[in-house]
Each structure stands twice: as C-alpha cells, then as structure tokens.
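Sequence and predicted model, in that order:
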2 protein chains.
Amino acid sequence: MTPAGRTGPTLAVVGATGAVGAVMLGLLSSRQDVWGEIRLIASPRSAGRKLVVRGEEVEVVALDEAAFDGVDVAMFDVPDEVSARWAPIAAAKGAVVVDNSAAFRMDPDVPLVVPEVNAAAARIRPRGIIANPNCTTLSMIVAVGALHAEFGLTELVVSSYQAASGAGRPGVDTLRDQLTKVAADPSLGTQPGDVRRAAGDFGPFPAPLALNVVPWAGSLKDDGWTSEELKVRNESRKILGLPGLRVNATCVRVPVVTAHSLTVHARFENEVTVTAAHDLLRAAPGVVVCDDPAEGEFPTPADVVGTDPTWVGRVRRALDDPYALELFLCGDNLRKGAALNTAQIAELVAAELL
Amino acid sequence: MTPAGRTGPTLAVVGATGAVGAVMLGLLSSRQDVWGEIRLIASPRSAGRKLVVRGEEVEVVALDEAAFDGVDVAMFDVPDEVSARWAPIAAAKGAVVVDNSAAFRMDPDVPLVVPEVNAAAARIRPRGIIANPNCTTLSMIVAVGALHAEFGLTELVVSSYQAASGAGRPGVDTLRDQLTKVAADPSLGTQPGDVRRAAGDFGPFPAPLALNVVPWAGSLKDDGWTSEELKVRNESRKILGLPGLRVNATCVRVPVVTAHSLTVHARFENEVTVTAAHDLLRAAPGVVVCDDPAEGEFPTPADVVGTDPTWVGRVRRALDDPYALELFLCGDNLRKGAALNTAQIAELVAAELL
C-alpha cells in the first residue's frame, strides 16, 4: 500500500471522513510531506469510500485492530468513547497516538501538547498517547502562552464566541438550514420566540443559532459549569504548567460557520504594556497581530477562517490595573483548533522517528 | 391639541420616527398612561407624518423652539449633536429633558438614572436634564446593581454580544440584506474573506456582520478603547456611585437583530454564593432569573427580544475566588436599553409633577 517512492513513517488518520478529517487531509496535502504511507481509517459504515490526500485517491479502511498493523503514528479524531477504546489498542500495537478527543487530556500519563508552547512535553508519553487540546483552548493558548513566557500569567477571564463547526458537520448543517429559514422572513428577530419557532430543528444546539447567541457548549458539570468551560480551565493549566492558574470561562455559541473568537482578560505577575505585548506577539511563532483600529484592523472570524495562525487584536491594558491586558483573539477551530495542531504534534513525533 | 378627557403632564417625544422612537410609541400605548398630550417631534424631513400612539393618529411636528411650548417632559432619542443643541433649549422653556444621547451622561450636573438602581438621583437635575444610559450599560446594570447592593461591587470584566439594532435602523437593514446574501450560498464561511466579498455593503459596521462577529462598536478613543467600552465603564461607575470601580469591557457586535447579551465577571467585597445571588436577583425589580441548565434554561437574545426585564442566567461562582460571580445577561437594547428606561424616568418626573 505504500505509494512508490515515498519514504517515512506510516501515518493513520482515524476519523478521516469527519469535518476535522476533511481539513486534515487538506493539511496533509499542503504541508511538507514527512510521511510514507497515509492510511485512512473510519467506521465500518464509511469503509470503501475513496478520499483524496496528497493528490492520490486512498480507500478508507474500517476501524479494527488489523488497521493499525505497521502504523507508526495514529491521529484520532473520533468521539471520546471511540478514542477511549481504540487509542490504547493502537498504542499497544506500537503506534504513537495523537488523540483529539477529551478521553485522555487530563490523564497525568498523557501529555497535552501545543507545539509552540510545550513541544518538549510530547517526548514523555508513558501510555504512547499524546492528547490534542480542545478547540476553544487552542484558539487562545498560543498567544496566551507567548504572553505568559514574558509576563508570568496569574489569571484568565475568557468569553467565547464559538462557531457552529465546533459541533461538527451537524452543527454547520443546522446553522445553514436555519439561516435559509430566517433570511426568508424579514420580520423575524423582533418578537420573543419568533426565531425559535421559525428555526426548525436545533440540531446539536440547545436553542436556535441563526439570529441568536447560545450561552452553552458541551455538557452540564458541577455548579452550573459546562464541560467546555472546564476544558478551557483545566487544559490551559496543564499546557502552561500552572496548576494554580485562575481561569473562569463562559462559552457562547454564535452563528459563524468556522473560526472561534474569544475575549481574554489576562492578569500577570509583571506590569504589562501594549507595546511590549505587541512586540512579543509579533515575534511569537503561530501568532499574527492584527491591531490597528484606526485603520479598521482587528481580526474577525470571517477573515480568519481557513488560515493557520492565532490572530490577535484589540490589545489594551486594563484601565485600572497595569498588570492586566484585554485581548480579542480569533482562530480557525478546525485547523489550529483541531487538525493543524494534531498534524504539528504528529510531525514532532515523525522527526523523532527519522 | 390635548385629546379630550386626558389629564396629566404634556410629553414630547423627540426622535419619534427612529428605531427607538417606534418602540417608545408602543410602550406609551401599553404602559399605564400618565400623560396628557403626547407631542411627536422629529426632523423637518419627517414633519407631517402621522404615527399611532395610544390608539390615536398624531401628526409629527418639526423640531424647533416652538415645538416645546407647554411641554412638561421631553424625551430625546436623537444623535448626540442634536441633543447637545436642543435639550438645553427645551429645558430653558421649562421642560424636564430625559435624554438618551451621550451628550450629557458624564456631565456632573446631569444625573444618569436607572430607576431600579438610583431613582432618587433623578430629583437633582440642575440643568433640567436627566440622562439615560447607553444600551450596553443598561443591558446589565439592573442585575449588577442588585448584586452590588448586597455584596459590594469592586470589579467588572464585561464582554458584549451586541445586536445590530444598537446601530439603529441602518444596522438592522444591513444585517437583513447580508443574511439574504450569505444564506443563498452554502459554501460561504469556509475561506478567508469569502463572507466579506459576498456581504455587499457593511452599512454602519466596519466589517460584515452576517456569519461573523465584529469586535468593534462606537468610535476609537485613547489607547485602543472604543467609545462604547468606555461608556460601559464610566456610566456604570456613575450610576452605582462607585467612581473607583474597576471596569474593563470588550464590545463585540453579533448577527442578532435586537437584544444585547453580555458575559460579566463581577468581583465583590463580600463572599458570594450562587444561592444568595439567585435569591436576591429573583427579588430584584426588573430582573428575571432564567438559570436551570439541566432543563435547558438560560436566556438567549431570540427569546428575550420584545420583553422588558434584564434576564440573568449561567450564574456561577468563580472557581478560585469566593468573591466573584460569572453571569450571562440578556436585555432588549431598544426597550430597557433605550425606550423603556427613558419612559420609566419620564414617569418618575411625571409623578413629581402630579
């Protein structure tokens, strides 16, 4: 199955047919190619489909133990319970697993890696598994990590503006269907519940998303917090190596197809200035500063979708606190928020294997 | 011109033909009627139009000095420069002016009033003018004021999710036009700039609003802050009588027709609990608690539009700070955020005059 002339480790893409999988195949086709065989794996239902990667058609094979024969690195983008079952099987067969589910992120024996922030952590992986953070954490952590390295982070207050594709293909399909319905009636959005009645199916969301914002993402945890909000907290702490970091997030879904945005109030041990923050963010790998409001320059998800970096704008020093910054960040939740970070981690592992 | 049988002070509505004016006429038709004559005033361009208030057609008269003859209370909802010129003229003619522009809000001789929070301030008005706060401040301040009265507020970190109608009728028209365009092409929102190219005119916004969020509202002030963000800060301080209150806001426009939403991180002098916060918010006039996520209960703008209260949900105590709460608030920016609060202030003045 190895294409003629290709050398390098064998990569498996598990969940190749999903929304993140599609972005992953695009990334694998456009990034510097370090892989020998690329094997595409999905549920038995999708086996036999042909997908294009690196300009070649590859037939999807069903997820089973034999699918991992000879695999060096296996990327997983599948539901938590599928990862929980199959990632250890792939690891037992000798693959290094890079998993984008929540199943292993808080496991002390599994590193949680963002290459720009803590690449060295990827080398210590007692279970043979490396976890990829949640998309909302990933939409801010490269920029926040660069600020932390200079100023010493002590507190984050985060509000998210999360895109529909964070809920996968059903999220996008639901938003598009609702948009068509609400665009047809120019009276909607003016009376309580009129959008709710017109929107039809809510899909994976608990309320209509078109002409609305929904202060909910994930599942209900203790004391009214959502799983998504706790991921932002716990994953930021683990990635930055700051177990006592104060983090409080409120996660809100907005009617955007792809690219998460966040407002961040970040407090530091040291005094900050906007100039110093701009300078170090401009020098940080994976970060683009877009912050000249006099010229109308700030990031928006519609401009950031489809790009790799974390975009930073609206950088201001808190008005009563020389130790705090206010920021507005945007990042593509399917790229850096999922597929790109997974690919970057896999490439770190590939570099070890060469 | 006084309708037969009506007694009570004469009210002038200046800016009767605008987006807030339309909501005002609806409110004046549905609230307990304390007014004698209601005179509708607008620019000379709109003079002669007939609008319905209290079930009767009333002809709009042009804004000039004579229009304020015999007026006891004049509500202004017009641009800042129009208020700056005409409110003092109306006051000099004996009217108490309730002004919804930014022209007088920070004037030390003009009280800034939210009846549920600081009704008594309305009585001391050396210039004969009472200011109505900005819609974003008003979308949170009733709930925040109730919490402050119990716990003693020390800090606010606010992120807004502001509706298009905050930019008036042009904002709504722009959003609806863009929605029609982006709903027609199901490929949009996946490539950088595709929504920007398809959206057409941006209207009063600096970027497309459909399928996007825009981290900008108002005009550029010092150090990268927007006028809207500084209004939230300065107005909250004045209304609550807390000149040293720490307030940092980031204002973001979202593709919602009407009803602003906000996330609020509020820190207090005293320890807080969710139960105590729920109890006092439930008892607070003008506040509705909608906070049972296990049952899918949280406020969203699509459900809150067209209603009077400030809706509060997602109440959580900060995970590392027993002195801080996280909240998600929604309020109709044209009602409590503008017309309703103005009407409430005018009614306070009418009660004095009776």
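Looks like it came in fine. Residues are numbered from 1 along each chain as shown, chains lettered A, B, ... in the order given.

Tell me which residue in the stretch 101-250 of chain A sits closest to chain B.
Residue of the stretch 101-250 of chain A nearest chain B, by CB to the nearest CB: residue A:189 (3.0 Å). Glycine gets a C-beta too; all of them are placed from N, C-alpha and C.

likewise the stretch 251-354 of chain A?
For the stretch 251-354 of chain A, CB to the nearest CB, closest residue to chain B: residue A:257, 3.1 Å.

give me phi/psi at that residue?
phi -70, psi -60 (degrees, to the nearest 10).

Surely it touches residue A:163?
Yes - between residue A:257 and residue A:163 there is a contact under CB atoms under 8 Å: 6.1 Å.

count of neighbours near the closest residue to the residue of the stretch 101-250 of chain A closest to chain B other than its chain neighbours?
Nearest-residue entry for residue A:189: residue B:257, 3.0 Å, with adjacent residues in sequence omitted and distances by CB to CB, 6 or more residues apart in numbering or on different chains. Per other CB atoms under 10 Å in any protein chain shown, the neighbour tally for residue B:257 reads 26.

residue contacts, residue B:257?
A:188-190, A:211, B:163-165, B:172, B:175-176, B:305 (CB atoms under 8 Å, 6 or more residues apart in numbering or on different chains).

next one: residue A:286
Residues in contact with residue A:286, defined by CB under 8 Å, 6+ apart, are A:116, A:142, A:308-310, A:336.

How much space separates residue A:27 from residue A:56?
Per CB to CB, to the nearest Å, residue A:27 is found 15 Å from residue A:56.

The two: which is more packed in?
residue A:27 (18 against 12).

near chain B, which residues of the stretch 251-354 of chain A show up?
By CB under 8 Å from any CB of the partner chain, the part of the stretch 251-354 of chain A that sits against chain B consists of A:252, A:254-258, A:261, A:263, A:265, A:274, A:291, A:293-294, A:296, A:298-307, A:313-321, A:324, A:326, A:328.

any idea how far the most far-flung residue of chain A relative to its centre lies from residue B:305?
Taking CA atoms, centre = their mean, the residue of chain A most remote from its mean C-alpha position is residue A:187, at 36.2 Å. Distance, residue A:187 to residue B:305, using CB to CB: 12 Å.

now residue A:137
Going from residue A:137 to residue B:305 by CB to CB gives 32 Å.

Then residue A:234?
35 Å.

Next: residue A:139.
Counting by CB to CB, the gap from residue A:139 to residue B:305 is 29 Å.

In terms of neighbours, single out the busier of these two.
Set side by side, residue A:139 and residue B:305 show more neighbours around residue A:139, with 32 against 29, by other CB under 10 Å.

Show me where the stretch 1-150 of chain A dips below the pLDDT cut-off.
Along the stretch 1-150 of chain A, segments meeting pLDDT under 70 span A:1-4.

Which parts of stretch A:258-278 count as buried, going by neighbours?
Across stretch A:258-278, burial judged by 16 or more other CB atoms under 10 Å in any protein chain shown covers A:258-268, A:272, A:276-277.

Need the residues touching each of residue A:187 and residue B:305.
residue A:194.

Whichever residue of the stretch 1-150 of chain A sits closest to chain B and residue A:38: what is the separation?
Closest approach between the stretch 1-150 of chain A and chain B, counting by CB to the nearest CB: residue A:23, at 9.9 Å. Plainly put, residue A:23 is 15 Å away from residue A:38 if you go by CB to CB.

What of residue A:172?
Taken as CB to CB, the span from residue A:172 to residue A:38 is 25 Å.

Look at the two and report which has more neighbours.
Ranked by neighbour count (other CB under 10 Å), residue A:172 and residue A:38 place residue A:38 first, with 25 against 22.

Skipping adjacent residues, who's closest to residue A:33 in space?
Per CB to CB, 6+ apart, closest to residue A:33 is residue A:54, 6.5 Å.

brain fart, residue A:259
Nearest in space to residue A:259, with sequence neighbours left out and distances taken as CB to CB, 6+ apart, is residue A:301 at 3.5 Å.

So the one you found sits against residue B:212, correct?
Yes - between residue A:301 and residue B:212 there is a contact at 5.9 Å, judged by CB under 8 Å.

Which residues are in contact with each of those two?
With CB under 8 Å, 6+ apart, residue A:301 and residue B:212 have common neighbours residue A:256.

Get me the contact residues on the stretch 51-200 of chain A for chain B.
Contact residues (CB under 8 Å from any CB) of the stretch 51-200 of chain A with chain B: A:157, A:159, A:161, A:176, A:179-180, A:182-183, A:186, A:188-196.

one more time with 7 Å, if that's ok
Taking CB under 7 Å from any CB of the partner chain as the contact definition, the stretch 51-200 of chain A meets chain B at A:157, A:159, A:161, A:176, A:179-180, A:182-183, A:186, A:189-193, A:195-196.

In strands, which of the residues you listed appear?
Mapping these onto strands (DSSP state E) picks out A:157, A:159, A:161.

now these in a markdown table, with pLDDT and neighbour count?
Shown next, in a markdown table, are these (pLDDT from 0 to 100; neighbours: other CB atoms under 10 Å in any protein chain shown):
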| residue | pLDDT | neighbour count |
| --- | --- | --- |
| A:157 | 98 | 27 |
| A:159 | 98 | 28 |
| A:161 | 98 | 29 |
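
picking up where we left off before, so what's the predicted local confidence for the residue nearest to residue A:259?
Looking at residue A:301, its pLDDT is 98.
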